[in-house]
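Visitor: below: sequence and its predicted model.
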Amino acid sequence: MAKKLSITDILAQKEALKSRKLKRRTLYVPSFDAEITIQEPTRAQLLELKDMEEDGNDYLVYQCIVESNLKENRQQLMQEFGCAEPHEIVQKLFGLMEIAEIATAILELAGMKSSGAGVKVVDELKN
């Protein structure tokens, strides 16, 4: 049986939690025959994504690709590809399935996959 989480345990993790770096992963993209690097989304990005009705995957991919960073050359890319919104460039660059697979990989980095984060319900024993 696991121990109960205490304030002492939390405080012991304080520095590690404050200096935590976002996870990264390199993905191969067949349509470009090249690799990109994605980064775990921030809490703010996930909350914004939650409120989106459409283009959620496009937004997530746009925000979380860090190499080649689509945001660095946003104006040029938007002009060259005729995009009204920055995240629309994702639709111009990647196929539908590539966007879905990249978005899934990003969500997995954030711990949002079917197996969950390992948090489990503990049944209380009745005497």
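Guide: That came in fine, so what should we check first?

Visitor: against residue 73, how distant is residue 62?
Guide: Distance, residue 62 to residue 73, using Cβ to Cβ, to the nearest Å: 12 Å. Just so you know, the C-beta spots here come from the backbone N, C-alpha and C atoms, and that holds for glycine as well.

Visitor: these two - which one has more neighbours?
Guide: The residue with more neighbours, out of residue 62 and residue 73 and counting by other Cβ atoms under 10 Å, is residue 62; that gives 21 against 12.

Visitor: show me which positions of the one helix or strand residue 104 maps to end up buried.
Guide: Per DSSP states H and E, residue 104 falls inside helix 96-109. In terms of neighbour count (16 or more other Cβ atoms under 10 Å), helix 96-109 has its buried residues at 98-99, 101-103, 105-109.

Visitor: who touches that helix?
Guide: By Cβ atoms under 8 Å, 6 or more residues apart in numbering, the residues outside helix 96-109 that reach it are 22-25, 27, 29-31, 36, 38-41, 56-58, 60-61, 64-65, 90-91, 94, 113.

Visitor: so what pLDDT did residue 123 get?
Guide: Looking at residue 123, its pLDDT is 57.
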